[in-house]
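Trainee: Provided below for reference: sequence and predicted model.
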Amino acid sequence: MGNLIQSVIIFFTLLSSATGAEVVYGRVGETVTLESPAVYTYVYWKFGKEDGLQLAWRNHLGGGGVIKDVPWNDMLALSANSLTIKKIQPENFGTYFCIVLTRNSVLPTITTTNLIKLDVRMNPSSPLLPGESLTLACTTETPQGLKKPEIHWLDPRGERMKNSQGTVKMRVKSQDDGMWTCSVANKKQVQISVKVVDLSPAPLHPQYTSKSSPITVPCSISPHITWQQIKDKGIQEVHWQFFPKPSSGLSAGDPQRLFSLSLGDPLSWIPDAHRELRPAQDPKTGNLALTRKQGREEDRGDYVCTMKFKNGVTMNRTVHVEVLQIVSSRGTGLVSGQSLNLTCSIGRPLPSDLQLQWSPPKPSSLPSLQSDRHPAHLTIPGVSTDDGGNWRCALWQGKTRLTSAAITLKIEPKLSVWMLVIICSAAVIPILLIILGFILCRRRHRKMRHLRHQLCRCKNPKPKGFYRT
(Lines give C-alpha, C1' and ligand atoms only; values in the text may rest on other atoms or scores of the structure.)
Protein backbone atom coordinates (compact mmCIF):
# COMPACT_ATOMS: atom_id res chain seq x y z
CA MET A 1 0.00 0.00 0.00
CA GLY A 2 2.85 2.35 0.87
CA ASN A 3 4.55 1.70 -2.47
CA LEU A 4 1.30 2.47 -4.26
CA ILE A 5 0.97 5.86 -2.51
CA GLN A 6 4.54 6.77 -3.37
CA SER A 7 4.01 5.80 -7.00
CA VAL A 8 0.94 8.03 -7.11
CA ILE A 9 2.92 10.87 -5.60
CA ILE A 10 5.68 10.54 -8.19
CA PHE A 11 3.14 10.47 -10.95
CA PHE A 12 1.27 13.53 -9.77
CA THR A 13 4.50 15.35 -8.97
CA LEU A 14 5.13 15.69 -12.68
CA LEU A 15 1.77 17.40 -13.02
CA SER A 16 2.01 19.62 -9.93
CA SER A 17 3.17 23.19 -9.82
CA ALA A 18 6.00 23.88 -7.37
CA THR A 19 5.92 26.92 -5.17
CA GLY A 20 8.73 29.48 -5.09
CA ALA A 21 12.02 28.18 -3.73
CA GLU A 22 13.05 29.10 -0.19
CA VAL A 23 16.67 29.82 0.72
CA VAL A 24 18.22 28.82 4.04
CA TYR A 25 21.85 29.62 4.90
CA GLY A 26 23.89 27.44 7.20
CA ARG A 27 27.47 26.75 8.28
CA VAL A 28 29.22 23.42 8.63
CA GLY A 29 28.49 22.06 12.10
CA GLU A 30 25.35 24.14 12.64
CA THR A 31 21.77 22.90 13.06
CA VAL A 32 19.04 24.18 10.72
CA THR A 33 15.29 23.69 10.58
CA LEU A 34 13.25 23.41 7.37
CA GLU A 35 9.59 24.33 7.73
CA SER A 36 6.62 22.38 6.29
CA PRO A 37 2.93 23.42 5.92
CA ALA A 38 0.73 23.20 9.01
CA VAL A 39 -2.15 21.39 7.24
CA TYR A 40 -1.48 18.08 5.48
CA THR A 41 -2.48 14.47 5.20
CA TYR A 42 0.95 13.21 4.17
CA VAL A 43 4.33 15.01 4.13
CA TYR A 44 7.40 13.62 2.40
CA TRP A 45 10.92 15.12 2.53
CA LYS A 46 13.27 14.37 -0.35
CA PHE A 47 16.82 15.47 -1.13
CA GLY A 48 18.46 16.36 -4.45
CA LYS A 49 15.38 16.11 -6.67
CA GLU A 50 11.63 15.62 -6.42
CA ASP A 51 11.84 11.87 -6.84
CA GLY A 52 15.20 11.63 -5.09
CA LEU A 53 16.23 10.16 -1.73
CA GLN A 54 13.41 10.21 0.77
CA LEU A 55 14.67 11.55 4.11
CA ALA A 56 11.47 11.55 6.17
CA TRP A 57 7.69 11.20 6.07
CA ARG A 58 4.77 12.00 8.35
CA ASN A 59 0.97 11.70 8.30
CA HIS A 60 -1.80 13.64 9.99
CA LEU A 61 -2.33 10.88 12.55
CA GLY A 62 1.16 11.40 14.02
CA GLY A 63 2.91 8.50 12.32
CA GLY A 64 6.23 9.05 10.56
CA GLY A 65 9.92 8.24 10.39
CA VAL A 66 13.36 9.34 9.20
CA ILE A 67 16.05 7.61 7.16
CA LYS A 68 18.63 5.63 9.12
CA ASP A 69 21.15 5.12 6.36
CA VAL A 70 24.65 6.66 6.31
CA PRO A 71 25.39 9.55 6.15
CA TRP A 72 21.99 10.69 7.44
CA ASN A 73 21.75 8.49 10.50
CA ASP A 74 21.27 10.45 13.76
CA MET A 75 21.20 13.74 11.84
CA LEU A 76 17.46 14.17 11.26
CA ALA A 77 14.61 15.01 13.62
CA LEU A 78 10.98 15.27 12.47
CA SER A 79 8.32 17.32 14.20
CA ALA A 80 4.76 18.19 13.23
CA ASN A 81 5.72 21.08 10.94
CA SER A 82 9.48 20.91 10.40
CA LEU A 83 12.51 18.83 9.58
CA THR A 84 15.65 19.51 11.64
CA ILE A 85 19.13 18.70 10.30
CA LYS A 86 21.76 18.52 13.04
CA LYS A 87 25.48 19.24 12.63
CA ILE A 88 25.41 19.89 8.90
CA GLN A 89 28.25 18.40 6.86
CA PRO A 90 29.44 19.70 3.45
CA GLU A 91 27.55 16.94 1.60
CA ASN A 92 24.25 17.98 3.23
CA PHE A 93 24.05 21.30 1.39
CA GLY A 94 21.70 21.23 -1.59
CA THR A 95 18.01 21.26 -2.50
CA TYR A 96 15.30 19.81 -0.28
CA PHE A 97 11.75 19.07 -1.46
CA CYS A 98 8.74 19.01 0.82
CA ILE A 99 5.83 17.14 -0.89
CA VAL A 100 2.46 17.66 0.75
CA LEU A 101 -0.79 15.76 0.12
CA THR A 102 -4.13 16.95 1.52
CA ARG A 103 -7.64 15.52 1.31
CA ASN A 104 -8.96 18.57 -0.50
CA SER A 105 -6.37 18.59 -3.28
CA VAL A 106 -5.87 16.20 -6.18
CA LEU A 107 -2.28 17.17 -6.93
CA PRO A 108 0.50 17.38 -4.31
CA THR A 109 2.06 20.71 -3.32
CA ILE A 110 5.82 20.85 -3.55
CA THR A 111 7.94 23.31 -1.57
CA THR A 112 11.58 23.67 -2.57
CA THR A 113 14.23 24.78 -0.04
CA ASN A 114 17.82 25.50 -1.00
CA LEU A 115 20.21 24.94 1.89
CA ILE A 116 23.24 27.06 0.97
CA LYS A 117 26.64 26.89 2.58
CA LEU A 118 27.80 30.03 4.37
CA ASP A 119 31.46 30.46 5.25
CA VAL A 120 32.69 33.08 7.78
CA ARG A 121 36.41 33.43 8.37
CA MET A 122 38.86 35.67 10.20
CA ASN A 123 42.53 36.03 9.26
CA PRO A 124 44.66 36.07 11.31
CA SER A 125 43.01 34.59 14.38
CA SER A 126 42.64 36.82 17.41
CA PRO A 127 43.75 38.20 19.78
CA LEU A 128 45.39 41.06 17.93
CA LEU A 129 47.34 44.12 18.96
CA PRO A 130 46.11 47.58 17.93
CA GLY A 131 47.48 48.39 14.48
CA GLU A 132 47.69 44.80 13.23
CA SER A 133 45.92 43.86 9.98
CA LEU A 134 42.69 41.86 10.00
CA THR A 135 40.51 40.39 7.25
CA LEU A 136 36.91 39.27 7.83
CA ALA A 137 35.32 37.31 5.00
CA CYS A 138 31.71 36.19 4.67
CA THR A 139 30.96 34.15 1.49
CA THR A 140 28.24 31.86 0.13
CA GLU A 141 27.99 29.27 -2.60
CA THR A 142 25.32 30.56 -4.97
CA PRO A 143 23.61 27.75 -6.93
CA GLN A 144 22.99 28.26 -10.64
CA GLY A 145 19.84 30.17 -11.28
CA LEU A 146 19.79 31.92 -7.92
CA LYS A 147 20.69 35.55 -7.32
CA LYS A 148 23.80 36.27 -5.32
CA PRO A 149 22.68 37.52 -1.89
CA GLU A 150 23.57 40.89 -0.43
CA ILE A 151 26.15 40.52 2.34
CA HIS A 152 27.33 43.21 4.76
CA TRP A 153 29.17 43.45 8.08
CA LEU A 154 28.14 45.16 11.33
CA ASP A 155 30.87 46.25 13.76
CA PRO A 156 30.59 45.73 17.56
CA ARG A 157 28.70 49.04 17.87
CA GLY A 158 26.07 47.87 15.34
CA GLU A 159 27.26 50.22 12.60
CA ARG A 160 27.18 48.93 9.05
CA MET A 161 30.49 48.73 7.22
CA LYS A 162 30.20 50.44 3.84
CA ASN A 163 31.27 48.80 0.59
CA SER A 164 32.33 45.63 2.36
CA GLN A 165 30.71 43.18 -0.16
CA GLY A 166 31.25 40.39 2.33
CA THR A 167 34.91 41.21 3.04
CA VAL A 168 36.37 43.69 5.53
CA LYS A 169 40.07 44.56 5.58
CA MET A 170 41.38 46.91 8.27
CA ARG A 171 43.99 47.71 10.87
CA VAL A 172 42.32 47.01 14.18
CA LYS A 173 41.82 49.56 16.93
CA SER A 174 40.75 49.15 20.53
CA GLN A 175 37.12 49.86 19.64
CA ASP A 176 37.12 46.97 17.14
CA ASP A 177 37.15 44.50 20.03
CA GLY A 178 33.86 42.61 20.32
CA MET A 179 31.32 40.69 18.26
CA TRP A 180 31.25 41.35 14.50
CA THR A 181 28.11 40.30 12.61
CA CYS A 182 27.82 39.05 9.05
CA SER A 183 24.30 39.66 7.68
CA VAL A 184 23.26 37.64 4.60
CA ALA A 185 20.22 38.86 2.64
CA ASN A 186 18.66 39.97 5.95
CA LYS A 187 17.87 36.29 6.58
CA LYS A 188 20.93 34.97 8.30
CA GLN A 189 23.25 36.61 10.80
CA VAL A 190 26.50 35.05 11.96
CA GLN A 191 28.63 36.53 14.73
CA ILE A 192 32.37 36.18 15.11
CA SER A 193 34.44 37.36 18.05
CA VAL A 194 37.36 39.69 17.45
CA LYS A 195 39.68 40.13 20.44
CA VAL A 196 41.99 43.11 20.62
CA VAL A 197 44.59 43.13 23.39
CA ASP A 198 44.12 46.29 25.41
CA LEU A 199 43.76 47.75 28.87
CA SER A 200 40.25 48.27 30.20
CA PRO A 201 38.94 51.82 29.73
CA ALA A 202 40.01 54.33 32.36
CA PRO A 203 37.27 55.81 34.58
CA LEU A 204 35.38 58.63 32.90
CA HIS A 205 35.55 60.68 36.11
CA PRO A 206 38.40 61.26 38.58
CA GLN A 207 38.90 58.94 41.52
CA TYR A 208 38.17 60.81 44.74
CA THR A 209 39.80 60.13 48.09
CA SER A 210 40.65 61.83 51.39
CA LYS A 211 42.74 61.36 54.52
CA SER A 212 39.86 59.39 56.04
CA SER A 213 39.02 57.28 52.94
CA PRO A 214 40.87 54.55 51.01
CA ILE A 215 42.47 55.26 47.66
CA THR A 216 42.17 52.96 44.62
CA VAL A 217 43.82 53.61 41.26
CA PRO A 218 42.24 51.11 38.83
CA CYS A 219 43.93 49.50 35.83
CA SER A 220 43.30 46.06 34.36
CA ILE A 221 43.68 43.95 31.25
CA SER A 222 40.48 43.33 29.27
CA PRO A 223 38.70 40.43 31.04
CA HIS A 224 38.48 38.20 27.96
CA ILE A 225 42.27 38.34 27.42
CA THR A 226 44.46 35.89 29.36
CA TRP A 227 47.97 36.59 30.55
CA GLN A 228 49.23 33.76 28.35
CA GLN A 229 47.81 35.56 25.32
CA ILE A 230 49.56 38.73 26.47
CA LYS A 231 52.86 36.83 26.65
CA ASP A 232 52.28 35.30 23.21
CA LYS A 233 51.91 38.78 21.72
CA GLY A 234 55.38 39.76 23.00
CA ILE A 235 54.86 41.77 26.17
CA GLN A 236 57.99 43.79 26.97
CA GLU A 237 57.20 46.12 29.88
CA VAL A 238 54.46 47.05 32.37
CA HIS A 239 54.84 50.00 34.75
CA TRP A 240 53.08 52.73 36.75
CA GLN A 241 54.00 56.44 36.68
CA PHE A 242 52.73 59.34 38.78
CA PHE A 243 52.45 62.92 37.53
CA PRO A 244 51.77 65.10 40.59
CA LYS A 245 49.81 68.31 40.59
CA PRO A 246 51.57 71.42 41.94
CA SER A 247 49.52 71.31 45.15
CA SER A 248 50.65 67.77 45.94
CA GLY A 249 54.04 68.91 47.23
CA LEU A 250 56.00 68.00 44.09
CA SER A 251 56.63 70.17 41.08
CA ALA A 252 54.26 69.51 38.22
CA GLY A 253 55.94 67.78 35.32
CA ASP A 254 58.31 65.68 37.46
CA PRO A 255 56.93 62.19 36.98
CA GLN A 256 57.75 59.42 39.40
CA ARG A 257 57.95 55.76 38.40
CA LEU A 258 56.05 53.89 41.09
CA PHE A 259 56.28 50.22 40.08
CA SER A 260 57.67 48.03 37.31
CA LEU A 261 56.43 44.50 36.65
CA SER A 262 59.04 41.76 36.54
CA LEU A 263 57.95 39.43 33.73
CA GLY A 264 59.58 36.32 35.17
CA ASP A 265 57.77 33.37 36.69
CA PRO A 266 56.13 34.21 38.98
CA LEU A 267 55.22 37.76 38.06
CA SER A 268 56.24 40.30 40.70
CA TRP A 269 56.16 44.07 41.16
CA ILE A 270 59.43 45.95 41.66
CA PRO A 271 58.82 49.14 43.70
CA ASP A 272 60.52 52.41 42.83
CA ALA A 273 59.02 55.57 44.38
CA HIS A 274 55.96 53.58 45.41
CA ARG A 275 54.57 56.20 47.88
CA GLU A 276 53.41 53.30 50.11
CA LEU A 277 50.83 52.26 47.53
CA ARG A 278 50.26 48.52 47.13
CA PRO A 279 49.77 46.81 43.74
CA ALA A 280 47.43 43.86 43.21
CA GLN A 281 48.94 40.61 44.49
CA ASP A 282 48.44 38.44 41.39
CA PRO A 283 48.91 40.33 38.08
CA LYS A 284 48.07 37.13 36.16
CA THR A 285 44.41 37.77 36.94
CA GLY A 286 44.67 40.96 34.89
CA ASN A 287 44.26 43.27 37.89
CA LEU A 288 47.00 45.93 37.93
CA ALA A 289 45.36 48.37 40.38
CA LEU A 290 47.12 50.33 43.15
CA THR A 291 45.57 50.77 46.60
CA ARG A 292 46.18 52.24 50.07
CA LYS A 293 43.99 52.24 53.17
CA GLN A 294 44.02 56.04 53.45
CA GLY A 295 44.52 58.82 50.96
CA ARG A 296 46.92 61.71 51.39
CA GLU A 297 47.00 65.30 50.21
CA GLU A 298 50.04 64.53 48.06
CA ASP A 299 48.12 61.79 46.18
CA ARG A 300 46.50 64.44 43.97
CA GLY A 301 47.65 63.99 40.37
CA ASP A 302 47.62 61.68 37.32
CA TYR A 303 48.53 58.00 37.49
CA VAL A 304 49.54 56.36 34.20
CA CYS A 305 49.44 52.57 33.67
CA THR A 306 51.55 51.52 30.66
CA MET A 307 52.05 48.31 28.68
CA LYS A 308 54.70 48.01 25.96
CA PHE A 309 55.13 45.26 23.38
CA LYS A 310 58.15 44.20 21.33
CA ASN A 311 56.60 45.38 18.05
CA GLY A 312 56.46 48.97 19.39
CA VAL A 313 52.80 49.05 20.42
CA THR A 314 52.29 51.02 23.64
CA MET A 315 49.05 51.19 25.64
CA ASN A 316 48.39 53.82 28.31
CA ARG A 317 45.57 54.45 30.76
CA THR A 318 45.50 57.67 32.80
CA VAL A 319 43.59 57.86 36.09
CA HIS A 320 42.97 61.30 37.61
CA VAL A 321 42.95 61.37 41.42
CA GLU A 322 41.46 64.22 43.45
CA VAL A 323 41.79 64.59 47.22
CA LEU A 324 38.96 66.04 49.31
CA GLN A 325 40.10 67.81 52.47
CA ILE A 326 38.79 70.11 55.21
CA VAL A 327 40.92 73.12 56.16
CA SER A 328 40.37 75.06 59.40
CA SER A 329 41.43 78.71 59.53
CA ARG A 330 42.48 78.34 63.20
CA GLY A 331 43.68 74.76 63.28
CA THR A 332 41.93 72.16 65.42
CA GLY A 333 42.37 73.72 68.89
CA LEU A 334 40.11 76.70 69.64
CA VAL A 335 38.61 78.65 72.53
CA SER A 336 34.91 79.26 72.82
CA GLY A 337 33.90 82.54 71.25
CA GLN A 338 36.56 82.58 68.52
CA SER A 339 35.53 82.93 64.88
CA LEU A 340 36.20 80.01 62.56
CA ASN A 341 36.24 79.34 58.81
CA LEU A 342 36.00 75.74 57.54
CA THR A 343 36.69 74.97 53.87
CA CYS A 344 35.92 71.65 52.16
CA SER A 345 37.36 71.36 48.64
CA ILE A 346 39.40 69.32 46.17
CA GLY A 347 41.76 72.20 45.54
CA ARG A 348 39.78 73.58 42.62
CA PRO A 349 36.15 74.55 41.84
CA LEU A 350 33.78 71.58 41.91
CA PRO A 351 32.22 70.36 38.63
CA SER A 352 28.56 71.24 38.29
CA ASP A 353 27.42 67.62 38.78
CA LEU A 354 29.05 67.31 42.23
CA GLN A 355 27.65 68.48 45.57
CA LEU A 356 28.96 68.79 49.13
CA GLN A 357 27.17 67.84 52.33
CA TRP A 358 28.37 68.83 55.80
CA SER A 359 27.74 66.71 58.91
CA PRO A 360 28.51 68.66 62.12
CA PRO A 361 28.90 66.91 65.49
CA LYS A 362 25.24 67.68 66.30
CA PRO A 363 22.43 69.54 64.51
CA SER A 364 23.94 72.90 63.70
CA SER A 365 22.18 76.22 63.80
CA LEU A 366 24.28 77.53 60.93
CA PRO A 367 21.95 79.04 58.29
CA SER A 368 24.22 77.73 55.54
CA LEU A 369 23.40 74.13 56.54
CA GLN A 370 19.64 74.53 56.49
CA SER A 371 19.32 74.28 52.68
CA ASP A 372 19.82 71.23 50.47
CA ARG A 373 22.91 72.68 48.80
CA HIS A 374 25.75 72.98 51.29
CA PRO A 375 28.50 75.55 50.59
CA ALA A 376 32.20 74.75 50.35
CA HIS A 377 33.01 77.43 52.94
CA LEU A 378 31.47 77.61 56.42
CA THR A 379 31.81 80.68 58.64
CA ILE A 380 31.11 80.44 62.38
CA PRO A 381 31.28 83.92 64.01
CA GLY A 382 31.75 82.48 67.50
CA VAL A 383 32.29 78.81 68.23
CA SER A 384 31.00 77.15 71.37
CA THR A 385 31.90 73.95 73.14
CA ASP A 386 28.93 72.33 71.34
CA ASP A 387 30.79 72.79 68.07
CA GLY A 388 33.64 70.59 69.22
CA GLY A 389 33.96 67.07 67.86
CA ASN A 390 34.05 65.38 64.48
CA TRP A 391 33.06 67.44 61.43
CA ARG A 392 32.57 65.52 58.19
CA CYS A 393 32.19 66.71 54.61
CA ALA A 394 30.90 64.26 51.96
CA LEU A 395 31.23 64.59 48.19
CA TRP A 396 28.20 63.37 46.23
CA GLN A 397 27.40 62.80 42.58
CA GLY A 398 23.66 62.47 42.41
CA LYS A 399 22.82 59.68 44.87
CA THR A 400 26.35 58.26 44.88
CA ARG A 401 28.78 59.23 47.61
CA LEU A 402 32.24 59.52 46.11
CA THR A 403 34.26 60.14 49.27
CA SER A 404 34.26 62.06 52.55
CA ALA A 405 36.75 64.00 54.68
CA ALA A 406 36.76 64.59 58.43
CA ILE A 407 38.33 66.96 60.97
CA THR A 408 38.13 66.91 64.78
CA LEU A 409 37.85 70.26 66.59
CA LYS A 410 38.81 70.68 70.25
CA ILE A 411 37.11 73.76 71.72
CA GLU A 412 37.99 74.89 75.26
CA PRO A 413 35.49 76.97 77.29
CA LYS A 414 36.05 80.73 77.49
CA LEU A 415 37.70 81.99 80.78
CA SER A 416 35.37 83.95 83.15
CA VAL A 417 36.37 86.74 85.67
CA TRP A 418 36.19 84.42 88.69
CA MET A 419 38.28 81.83 86.81
CA LEU A 420 40.89 84.53 86.15
CA VAL A 421 40.85 85.50 89.86
CA ILE A 422 41.31 81.88 90.89
CA ILE A 423 44.12 81.36 88.37
CA CYS A 424 45.84 84.57 89.49
CA SER A 425 45.42 83.61 93.14
CA ALA A 426 46.88 80.22 92.48
CA ALA A 427 49.86 81.91 90.83
CA VAL A 428 50.38 84.52 93.66
CA ILE A 429 50.39 82.04 96.56
CA PRO A 430 53.66 80.30 95.54
CA ILE A 431 55.30 83.68 95.09
CA LEU A 432 54.24 84.80 98.62
CA LEU A 433 55.53 81.58 100.09
CA ILE A 434 58.88 82.09 98.38
CA ILE A 435 59.10 85.65 99.77
CA LEU A 436 58.14 84.49 103.28
CA GLY A 437 60.76 81.78 103.18
CA PHE A 438 63.38 84.28 102.10
CA ILE A 439 62.52 86.63 105.01
CA LEU A 440 62.69 83.82 107.58
CA CYS A 441 66.06 82.74 106.27
CA ARG A 442 67.42 86.30 106.61
CA ARG A 443 66.20 86.63 110.18
CA ARG A 444 67.76 83.34 111.21
CA HIS A 445 71.06 84.28 109.63
CA ARG A 446 71.22 87.61 111.56
CA LYS A 447 70.41 85.88 114.88
CA MET A 448 73.26 83.40 114.44
CA ARG A 449 75.79 86.20 113.85
CA HIS A 450 74.66 88.04 117.00
CA LEU A 451 75.09 84.91 119.15
CA ARG A 452 78.64 84.34 117.92
CA HIS A 453 79.71 87.84 118.96
CA GLN A 454 78.47 87.28 122.53
CA LEU A 455 80.49 84.06 123.04
CA CYS A 456 83.81 85.69 121.98
CA ARG A 457 83.87 88.67 124.59
CA CYS A 458 86.17 88.48 127.85
CA LYS A 459 86.37 91.04 130.72
CA ASN A 460 90.15 90.53 131.44
CA PRO A 461 91.86 89.13 128.47
CA LYS A 462 95.35 87.77 129.15
CA PRO A 463 98.02 88.57 126.61
CA LYS A 464 100.06 85.83 125.11
CA GLY A 465 103.69 85.23 126.33
CA PHE A 466 105.82 84.02 129.38
CA TYR A 467 105.26 85.30 132.95
CA ARG A 468 107.61 85.23 136.02
CA THR A 469 106.47 83.86 139.32
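Mentor: Structure's in. What do you need?
Trainee: Show me which positions of the helix or strand encompassing residue 411 end up buried.
Mentor: Following DSSP states H and E, one finds residue 411 within strand 400-412. Residues of strand 400-412 classed as buried: 402, 403, 404, 405, 406, 407, 409, 411 (neighbour count, 16 or more other C-beta atoms under 10 Å). Just so you know, the C-beta spots here come from the backbone N, C-alpha and C atoms, and that holds for glycine as well.
Trainee: I figured the third one hits residue 211, correct?
Mentor: No: counting by C-beta atoms under 8 Å, no contact exists between residue 404 and residue 211, whose distance comes to 10.3 Å.
Trainee: of the buried residues of strand 400-412, the lowest pLDDT goes to which?
Mentor: pLDDT across the buried residues of strand 400-412 is at its lowest for residue 411, which sits at 87.
Trainee: quick one: residue 217 and residue 321 touch, right?
Mentor: Yes: shown here, residue 217 and residue 321 form a contact pair, counting by C-beta under 8 Å, at 6.5 Å.
Trainee: Compare those two (neighbour count), which wins?
Mentor: Neighbour totals were compared for residue 217 and residue 321, and residue 217 leads with 26 against 22 (other C-beta atoms under 10 Å).
Trainee: ok, the nearest residue to the more buried one once chain neighbours are set aside - contacts?
Mentor: With sequence-adjacent residues excluded and distances taken as C-beta to C-beta, 6 or more residues apart in numbering, residue 217 is closest to residue 290, at 4.2 Å. Contacts for residue 290 (C-beta atoms under 8 Å, 6 or more residues apart in numbering) come out as 216, 217, 219, 240, 258, 259, 277, 278, 279, 303.
Trainee: Reformat the residues you listed into CSV and put secondary structure, pLDDT and distance to residue 382 next to each item.
Mentor: Below are the contacts of residue 290 laid out as CSV (DSSP: H, G, I helix; E, B strand; the rest coil; pLDDT from 0 to 100; distance: C-beta to C-beta, whole Å):
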residue, secondary structure, pLDDT, distance to residue 382
216, strand, 95, 41
217, strand, 96, 42
219, coil, 96, 49
240, strand, 96, 48
258, strand, 95, 46
259, strand, 96, 50
277, coil, 94, 42
278, strand, 94, 45
279, strand, 94, 49
303, strand, 96, 43
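Trainee: Among these, name the buried ones.
Mentor: Counted by 16+ other C-beta under 10 Å, the contacts of residue 290 give 217, 219, 240, 258, 259, 277, 279, 303 as buried.
Trainee: Name the nearest of the residues you listed relative to residue 56.
Mentor: residue 219 (57.8 Å; C-beta to C-beta).
Trainee: Surely that closest one and residue 289 touch.
Mentor: Yes: under the criterion of C-beta under 8 Å, residue 219 makes contact with residue 289 at 5.8 Å.
Trainee: need the contacts of residue 290 in a markdown table with distance to residue 327, can you?
Mentor: A markdown table is the format used below for the contacts of residue 290 (distance: C-beta to C-beta, whole Å):
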| residue | distance to residue 327 |
| --- | --- |
| 216 | 24 |
| 217 | 24 |
| 219 | 31 |
| 240 | 29 |
| 258 | 27 |
| 259 | 31 |
| 277 | 24 |
| 278 | 28 |
| 279 | 31 |
| 303 | 24 |
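Trainee: Distance of residue 143 relative to residue 116?
Mentor: Distance, residue 143 to residue 116, by C-beta to C-beta, to the nearest Å: 7 Å.
Trainee: of these two, who's got more company?
Mentor: It is residue 116, of residue 143 and residue 116, that has more neighbours when counted by other C-beta under 10 Å, with 21 against 13.
Trainee: Helix or strand: which one has the more buried one?
Mentor: Secondary structure (DSSP H and E) places residue 116 in strand 109-123.
Trainee: And that strand, what's buried?
Mentor: Those buried within strand 109-123 under the rule 16+ other C-beta under 10 Å are 109, 110, 111, 113, 114, 115, 116, 117, 118, 120, 122.
Trainee: Could you check how many residues crowd around residue 46?
Mentor: 21.
Trainee: would it count as being in a strand?
Mentor: Yes: membership of residue 46 in a strand is supported by DSSP: H, G, I helix; E, B strand; the rest coil.
Trainee: what's near enough to touch it?
Mentor: 52, 53, 54, 55, 96, 97, 99.
Trainee: Beta-bridge partners for it, please?
Mentor: residue 54, residue 97 (DSSP bridges).
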